[in-house]
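Asks: missing the sequence, but the structure's below:
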Ligand SMILES: Nc1ncnc2c1ncn2[C@@H]1O[C@H](COP(=O)(O)OP(=O)(O)OP(=O)(O)O)[C@@H](O)[C@H]1O
């Protein structure tokens, strides 16, 4: 297949239609995707389009690529094809048949000749010799939203994925539940395999490692066990706090650790706490955990939560309005898993009731969750919410600064404080950096009057009120 030809495979009479359908799809993807992704994953695809255009089979070189394309791009490709063709197009993925590889492309159309390769089911295997990686190919850097909370951990993880066995070995990532630790370690493995498909990568949960040790012990198969673990290029091990009090496991892990580091293989670990905070784990192991780079993942900040919601909704094929994402993100703060749960509820509620996603709908869908929080509206809360919304510093709520970009949000916050709390004008003035009650009164009147005139302001106040009321 020559360069620049995107693998268009359709013989007469469907050549033209099939050809242009796939070409149009490729053109669209070239616009939608970052250039590097497009060149790596889409451009090399070979396509076979059925005569009636209802089915497209894409051929990829090996199982790993098939797995990857299916997880990362199949949904998007199907959506583009459907949009272009006007109705659903069946998408199949297959491995390029070896005997047909170069010679028979472009291959005969499906109408003229039955397809030579059967679509293949995804299995838990990478390209290298059927070795099980246990990686979830959906968990990649592309789907991991970046924010202050995970910036360092993400940067370190990307570095390791790009040049394993060098800096930051071991990489120890810690943080609370549902903050993306597991996602991040899978992303490292997936990235390394995408770049170097023959690498030996294993993702394993610490509990699974414990059970592997127990099995090896019972069956006296420690040689096999060692072959498996000591030969890896990259070991990703999740939740190592589970090693607590498991002496034999700790010993075997120590051995594996030493063997892997000696041959410059990389180890990435996660835990719910930093190494020295680990209970009932031998000191020699703890000090090794801490000997590379230790980074934390913090709970995501508001903007990151908003971005995660919008991205995840989009991945489900739904556009979530920013104001709704803001409302949800303000109310679901603890971790990303909970955000995902809230999103699922909203999507299901919207589909079930056939209603557009709005703040009102989100409020209904999350009624239970919100009522548990039973939040009190305080002036501090209003100041923080308004500052977040208008992207100014909370400190500007009390400062003497006067530029309109700050003064106006401050007036809005005063207006909301009067409207949503029981505080008096002097009390509110006091909480806004010791301002006079007449300043507060002026703000309340001004914003109240403008709200009647300006639709946009009214809308913004509406979002803020909904958010604050939870
Ligand atoms: N920054 C992020 N962007 C997108 N999705 C994220 C992000 N962080 C976490 N997630 C998603 O949130 C969910 C929970 O994340 P994950 O399982 O990686 O958390 P964890 O820190 O390993 O939690 P636990 O300690 O409970 O195992 C996953 O579905 C993950 O994809």
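Replies: Here it is on my side, so go on. These figures come from a predicted structure and were not determined experimentally. Residues are numbered from 1 along each chain as shown.
Asks: quick one, strands of the stretch 51-200 of the chain?
Replies: All strands of the stretch 51-200 of the chain, identified by DSSP state E, counting those that start in this stretch, fall at 55-60, 90-95, 171-175.
Asks: for the first one, buried residues please.
Replies: Of the residues in strand 55-60, those buried by neighbour count under the rule 16 or more other Cβ atoms under 10 Å are 55-60. For every residue, glycine as well, the C-beta is placed using N, CA and C.
Asks: between those residues, which sits nearest the ligand?
Replies: Nearest to the ligand among the buried residues of strand 55-60: residue 60, at 24.7 Å, using Cβ to the nearest ligand atom.
Asks: isn't the closest one up against residue 92?
Replies: No - judged on Cβ atoms under 8 Å, residue 60 makes no contact with residue 92 at a distance of 11.3 Å.
Asks: what is the burial count for the residue in the stretch 1-150 of the chain positioned nearest to the ligand?
Replies: Using Cβ to the nearest ligand atom, the single residue of the stretch 1-150 of the chain nearest to the ligand is residue 145, 3.6 Å away. Neighbour count for residue 145, taken as other Cβ atoms under 10 Å: 22.
Asks: next, format the strands of the stretch 51-200 of the chain as JSON lines and append distance to residue 262 and mean pLDDT.
Replies: As requested, those are exported to JSON lines (distance: least, Cβ to Cβ, whole Å; pLDDT from 0 to 100):
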{"stretch": "strand 55-60", "distance to residue 262": "36", "mean pLDDT": "89"}
{"stretch": "strand 90-95", "distance to residue 262": "36", "mean pLDDT": "89"}
{"stretch": "strand 171-175", "distance to residue 262": "17", "mean pLDDT": "95"}
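Asks: next, format these as CSV and append distance to the ligand.
Replies: As requested, those are exported to CSV (distance: least, Cβ to the nearest ligand atom, whole Å):
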stretch, distance to the ligand
strand 55-60, 25
strand 90-95, 23
strand 171-175, 6
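Asks: what about stretch 68-81, how long is it end to end?
Replies: End-to-end distance for stretch 68-81, by Cα to Cα, to the nearest Å: 19 Å.
Asks: cool, stretch 318-325 as well?
Replies: With Cα to Cα as the measure, the ends of stretch 318-325 fall 12 Å from one another.
Asks: how about the residues of this structure that lie near the ligand?
Replies: For the chain, the residues in contact with the ligand under the definition Cβ under 6 Å from any ligand atom are 139, 143-145, 150, 175, 177-183, 272, 308, 336-337, 340.
Asks: which residues of the stretch 51-200 of the chain score low on pLDDT?
Replies: Where the stretch 51-200 of the chain drops to pLDDT under 70, the residues are 97-130.
Asks: any chance of the strands of the stretch 51-200 of the chain in CSV, plus distance to residue 461?
Replies: As requested, the strands of the stretch 51-200 of the chain are exported to CSV (distance: least, Cβ to Cβ, whole Å):
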stretch, distance to residue 461
strand 55-60, 49
strand 90-95, 46
strand 171-175, 36
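Asks: quickly list what residue 91 is bridged to.
Replies: In this structure, residue 91 bridges to residue 56 when assessed by DSSP bridges.
Asks: that one reaches residue 56, doesn't it?
Replies: Yes - between residue 91 and residue 56 there is a contact at 5.5 Å, judged by Cβ under 8 Å.
Asks: now for the two: what residues contact both?
Replies: Residues within reach of residue 91 and of residue 56 at once, by Cβ atoms under 8 Å, 6 or more residues apart in numbering, are 77, 81.
Asks: for the ligand, what is the nearest residue in the stretch 51-200 of the chain?
Replies: residue 180 (2.6 Å).
Asks: tally of neighbours for that residue?
Replies: The local packing of residue 180 (other Cβ under 10 Å) involves 25 other residues.
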